[in-house]
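Q: A predicted structure for the sequence below; I have some questions about it.
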Amino acid sequence: MTTTQHFKLRTPVVPDARDESYWLQSTRPVDTTPAPTLSGPADADVAINGGGLTGLWTAIRLLESDPALRVVVLEADHCGSGASGRNGGQVHSWFESLDRLAAVTDKDEAFALAQATADAIEELHDLQSNGTLDMDLRLDGWLWTASSRAQEGSWEKALKLCAEHGVSPYTLLGAAEISRRTGSDASYAGVVEQRAGSLHPGKLMRSLKNYAAAKGAVIHEHTPVQSVQGGRQVVLQTPHGQVTAGKVLIATNVWASSIPELRKKMYVVDSQVIATAPVPDKLDALGW
């Protein structure tokens, strides 16, 4: 027997140009051709609701495994307009969370997850090096430091688990080296993960969209999904059309809370990012 469920989805509020993140505002000329709005019916093997990092990378991975798949991505605004284009642009592995990951999985699974994040960083590096993606990736290191007694040695559990698996992503730092790297004497002990750093989220999202399309993903922007009806085939209804798919991925971040089964599994994480006027001379002097 096939059961059918029907969900009305909360449509993301589409910001005007003034509300776009700094990253997306500064890269608007890079993405001059919006993907077309869905008009009429369409069929897919996999339909992806959400054109952020999760949605686009999933489309890429699916098409790498099977280029014949029909993958359709539906984005309410433009790709990256949500959290994917509004983050701090920081890039580092999950090795720093090994002890916390192991507490909710086990040591081997925790290490596999952390290693996957390290592999992802190397993939980003390779994709930028060969010209596939443009994201201003810089792997100049990430410092985990202590500026009080309570913070001293907070990295030791993670380093111990890394050693047990034969990896050493971190190097110990003393006060002098931390001061040299940061220009501040506030921190006096810590470690550095050298294969970590930063990227430009706006550039990444603009070029990731084109990369997914080149792989064969059919992307529709300005196409909010209003409802999802499940059954033997899943139907995603939009204002001007619908997609019938064998499988669907909901990749809309907080807006997925429209689905009761998912809302029970979600909690809110919030952060603030501040952009200042450019200070290249100060950053160059610090080596940042």
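A: All right, it came through fine.

Q: Ile178: what's its closest spatial neighbour, skipping adjacent residues?
A: Leaving aside its sequence neighbours, Ile178 sits nearest to Ser187 (CB to CB, 6 or more residues apart in numbering; 5.1 Å). Where C-beta positions appear, they are placed from N, C-alpha and C, glycine not excepted.

Q: Please apply the same query to His165.
A: Using CB to CB, 6+ apart, the closest residue to His165 is Phe111 (4.8 Å).

Q: ok so, going back, any idea how far the residue nearest to Ile178 is from Ser148?
A: 9 Å (CB to CB, to the nearest Å).

Q: Quick check on these two: which one has the bigger neighbour count.
A: Ser187 (19 against 9; other CB atoms under 10 Å).

Q: Need phi/psi at the residue nearest to His165.
A: phi -70, psi -40 (degrees, to the nearest 10).

Q: Please apply the same query to Thr27.
A: phi -120, psi 10.

Q: what's the nearest residue to it if we skip its chain neighbours?
A: Closest to Thr27 by CB to CB, 6+ apart is Gly202, at 3.8 Å.

Q: The one you found belongs to a helix?
A: Yes: using DSSP: H, G, I helix; E, B strand; the rest coil, the assignment for Gly202 is a helix.

Q: what sits against it?
A: Ser21, Tyr22, Trp23, Leu24, Gln25, Ser26, Thr27, Val30, Gly80, Gly85 (CB atoms under 8 Å, 6 or more residues apart in numbering).

Q: Go through those and name the one nearest Thr58.
A: Gly80 (14.6 Å; CB to CB).

Q: Next, count neighbours for the residue lying closest to His222 once chain neighbours are set aside.
A: The shortest distance from His222 to any non-neighbouring residue, by CB to CB, 6+ apart, is to Thr37 (4.8 Å). Applying other CB under 10 Å, we find 16 residues neighbouring Thr37.

Q: repeat for Cys162
A: Counted with other CB under 10 Å, Cys162 comes out at 19.

Q: show me what contacts it?
A: With CB under 8 Å, 6+ apart, Cys162 has these contacts: Phe95, Leu98, Ser168, Pro169, Tyr170.

Q: Correct me if wrong: the last one contacts Gly190.
A: Right, the one you point to is Tyr170. No: applying CB atoms under 8 Å as the test, Tyr170 and Gly190 come out as separate, 9.2 Å apart.

Q: distance of the residue nearest to Gly52 when sequence neighbours are not counted from Tyr267?
A: In this structure, Gly52 finds its nearest non-sequential neighbour in Ser84, 3.5 Å apart by CB to CB, 6+ apart. Here the criterion is CB to CB. By it, Ser84 lies 19 Å from Tyr267.
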